[in-house]
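Show me the folded form of this:
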Amino acid sequence: MASSDPFQSLLGLNPNPGNGDFGGDASTPLEPAETDHLRRMAGRMARLGGWRLDLRPTRLTWSPETTEIHEEAPDVSPNVEQGLSYYAPEHQLRIRTAVADCVENGRSFDEVLQLVTARGNRIWVRSIGEAVRDDAGSIVALEGAFQDISHLVAMRDEANTLSRRLRQTLESISDAFFLLDKEWRFSFLNG
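Predicted coordinates for the structure are as follows:
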């Protein structure tokens, strides 16, 4: 009997008669290569990467997604100073202070900063870092996530601009103008 759901036949899924369950073992774990592929795909889509800073010896490692966000060649392996130098001049002190505090005190950080890519493009990123400790409790590395959030910052800025423009327009109306919420309370009243 043919399925009435076109996605079932497209995907080759055949429900078991009577109970509507799909065949196959849903609990079968993915192979490591499959998991890695899915993680990389999700990272590319979300413009989300990772990084690690080993302290002894000092070595900075970027995921392929982090390298791509920096608009660098895939084989680039920057040192710590080079990695920090991508941040916009006005954000240098903030990121350097956050990293130093994490290295010295183990204090995690979560910063939204502007970055200048290898191609000279200014983008907004969210950089998160936390300390990695050995069995003795000593900080041996930092690990973190790194995401290009330029589109989110642009949408927020556009929403703020539209909100400001609407407020200015409503304030400029010479007649009384007001808005009420569903409980009949004033939610806006022009001056």
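
Spatially central residue in this protein, please.
Q147 (3.7 Å; CA atoms, centre = their mean).

can I see the domain layout of this protein?
Following automatic domain parsing, one finds the domains of the chain at 45-148, 155-189.

and among those, the most buried is which?
Of the domains of the chain, the one with the most neighbours on average (mean count of other CB atoms under 10 Å) is domain 45-148, at a mean of 15. No exception for glycine: its C-beta is placed from N, CA and C like everyone else's.

Quick one: the strands in this structure, in order.
Taking DSSP state E, the strands of the chain run over residues 48-55, 58-62, 109-116, 122-133, 139-148, 178-180, 186-189.

tell me what the fourth one is packed against?
Secondary-structure packing of strand 122-133 (3 or more CB pairs under 8 Å, 6 or more residues apart in numbering; DSSP states H and E): helix 92-105, strand 109-116, strand 139-148, helix 150-172.

will you turn the ones you listed into a markdown table that also has distance to P29 and mean pLDDT?
Formatted as a markdown table, the helices and strands packed on strand 122-133 follow (distance: least, CB to CB, whole Å; pLDDT from 0 to 100):
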| stretch | distance to P29 | mean pLDDT |
| --- | --- | --- |
| helix 92-105 | 34 | 97 |
| strand 109-116 | 31 | 97 |
| strand 139-148 | 24 | 96 |
| helix 150-172 | 33 | 83 |
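
Take these and lay them out in CSV including distance to E65.
Converted to CSV, the helices and strands packed on strand 122-133 look like this (distance: least, CB to CB, whole Å):
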stretch, distance to E65
helix 92-105, 19
strand 109-116, 14
strand 139-148, 8
helix 150-172, 15
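
which one of these lies closest to I69?
I69 lies closest to strand 139-148 among the helices and strands packed on strand 122-133, at 4.8 Å (CB to CB).

That closest one versus strand 48-55: what angle between them?
160 degrees (axes from the mean of the first three to the mean of the last three CA atoms, to 10 degrees).
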